[in-house]
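Novice: Turn this into a structure:
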Amino acid sequence: MPEVICKSCGASDYVRNGTVRGLQRYLCKACQCNFTMTPPRGKSPAVKALATLLYAMGNMSFCGIGRLLGVSDVAVLNWVRDAAASLPEPQIPADVKIVMVDEMHHFLKKSQKNFGFGGQLILSSGELSPGLWVGVMMQPAGNISTKLASKVALS
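Specialist: As a prediction, the model looks like this:
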């Protein structure tokens, strides 16, 4: 039988104090707290760390991790958020520049047709000389239409 200790103060000085829902109840002599010896609730820190690691590797979704571990996807989300909150703010070196890239859509005439690629783009960058940086956005080769390819060849 596991050693009985108070859940409130951790003392091992207790007396038996009846039963509740079929479990033995104990009364702590030090803090007068009534308690039962039930297993702790929740998942272990090792399971939470495994869930965070699986999500951080980018291979699994919250739902997939939840199905694997037998918990809800919201529980996995909360574990990942708690782990992220305990991390320090990332330090960005002074020589790194942050560039915001947003795709622009054009609206032509009154038909309001939306023209734009809408998919992933490849950003190629290079430094021509110190202090001069060049970035080129390109569509992936598999998504280029023949009509677009003919226009590119003419220009």
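
Novice: what about this structure, any weak spots by pLDDT?
Specialist: 1, 92, 96-155 (pLDDT under 70).

Novice: can you give me the helices for it?
Specialist: With helices called from DSSP state H, the chain shows them at 45-56, 62-69, 73-85, 146-154.

Novice: by contact count, what packs against the second one?
Specialist: Going back to what we said before, that points to helix 62-69. helix 45-56, helix 73-85 (3 or more CB pairs under 8 Å, 6 or more residues apart in numbering; DSSP states H and E). C-beta coordinates here come from the backbone N, C-alpha and C atoms, glycine included.

Novice: Which residues in the first one does the neighbour count mark as buried?
Specialist: The neighbour-count criterion (16 or more other CB atoms under 10 Å) identifies 48, 50, 51, 52, 54, 55 as the buried residues of helix 45-56.

Novice: what's the answer for stretch 54-72, then?
Specialist: Those would be 54, 55, 60, 62, 65, 66, 69, 71, for stretch 54-72 by 16+ other CB under 10 Å.

Novice: was I right about the fifth one contacting residue 53?
Specialist: Right, residue 65. No. Counting by CB atoms under 8 Å, residue 65 stays clear of residue 53, with 9.7 Å between them.

Novice: Give me the common contacts of the two.
Specialist: With contacts defined as CB atoms under 8 Å, 6 or more residues apart in numbering, no residue is shared by residue 65 and residue 53.

Novice: Strands along the chain, start to end?
Specialist: With strands called from DSSP state E, the chain shows them at 14-20, 23-28, 34-36, 106-108, 113-115, 122-129, 132-138.

Novice: Parallel or antiparallel, which strands does the first one pair with?
Specialist: For strand 14-20, the paired strands and their directions (DSSP bridges) are strand 23-28 (antiparallel).

Novice: Tell me which residues are up against the strand it pairs with.
Specialist: Strand 23-28 is contacted from outside by 4, 6, 8-9, 11, 13-19, 33-38, using CB under 8 Å, 6+ apart.

Novice: repeat that with 6 Å
Specialist: The contact list for strand 23-28, computed with CB atoms under 6 Å, 6 or more residues apart in numbering, reads 4, 6, 11, 14, 15, 17, 18, 19, 34, 35, 36.
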